[in-house]
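Engineer: sequence? don't have it. structure:
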């Protein structure tokens, strides 16, 4: 790993909001059968704070992409408070920090928390196959 001075540091992170919606037993049984067909959505938003701090909210949702009446829904909003160490940072570099670097740092833990919640909600067989490539997502957003 190359040693370079970090332009930011993570001050803290926590679960801001967590939602598990399983309307009834029928929905649960139906969802259990189709949960592997659910899709993962990721949304990242930010809010500036005082003292060169930024609140980054990484929201994951896991839901049935089809219009089923009997479906379950899972969502977590994970807050990461980041302090920008480099005072002369360019806007583009800041975007990359928020959308790639911080995500790569927090995502493995966030995914573990989210999967544990879904498993504890009664869906123990769930595994997310795809690894999320935040750099690729960032580059797709630019193009």
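Structural biologist: Ah, there it is. Since the structure is predicted, the reported quantities are computational estimates derived from the model, not experimental observations.
Engineer: where do the helices sit along this protein?
Structural biologist: Secondary structure of the chain (DSSP state H): helices located at 25-34, 91-96, 102-120, 134-142.
Engineer: between those helices, which gets nearest to residue 42?
Structural biologist: Evaluated with C-beta to C-beta, the helices of the chain place helix 134-142 nearest to residue 42, the distance being 7.6 Å. For the C-beta atoms, the positions are set from N, CA and C on the backbone; glycine is no exception.
Engineer: next, the angle from that closest one to helix 102-120.
Structural biologist: Counting by axes from the mean of the first three to the mean of the last three C-alpha atoms, to 10 degrees, helix 134-142 lies at 110 degrees to helix 102-120.
Engineer: list phi and psi for the closest residue to residue 32 other than its chain neighbours.
Structural biologist: Nearest non-adjacent residue to residue 32, counting by C-beta to C-beta, 6 or more residues apart in numbering: residue 123, 6.2 Å away. Main-chain torsions, residue 123, degrees, to the nearest 10: phi -120, psi 70.
Engineer: okay, now the nearest residue to residue 52 once chain neighbours are set aside: neighbour count?
Structural biologist: Nearest residue to residue 52 in three dimensions, chain neighbours excluded: residue 84, at 4.5 Å (C-beta to C-beta, 6+ apart). As a burial measure, residue 84 scores 18 neighbours (other C-beta atoms under 10 Å).
Engineer: what pLDDT does the residue nearest to residue 32 get?
Structural biologist: Residue 123 is assigned a pLDDT of 94 by the prediction.
Engineer: against residue 33, how distant is it?
Structural biologist: Relative to residue 33, residue 123 is positioned 11 Å away (C-beta to C-beta, to the nearest Å).
Engineer: which of those two has more neighbours?
Structural biologist: residue 123 (21 against 10).
Engineer: what's the longest strand in the chain?
Structural biologist: Determined from DSSP state E, the single longest strand within the chain is strand 8-21.
Engineer: now residue 127: closest residue in space that isn't a chain neighbour?
Structural biologist: Counting by C-beta to C-beta, 6+ apart, the residue nearest residue 127 is residue 115, at 7.6 Å.
Engineer: touching, that neighbour and residue 126? I think so.
Structural biologist: Yes. At 6.4 Å, residue 115 and residue 126 qualify as touching, with contact defined as C-beta atoms under 8 Å.
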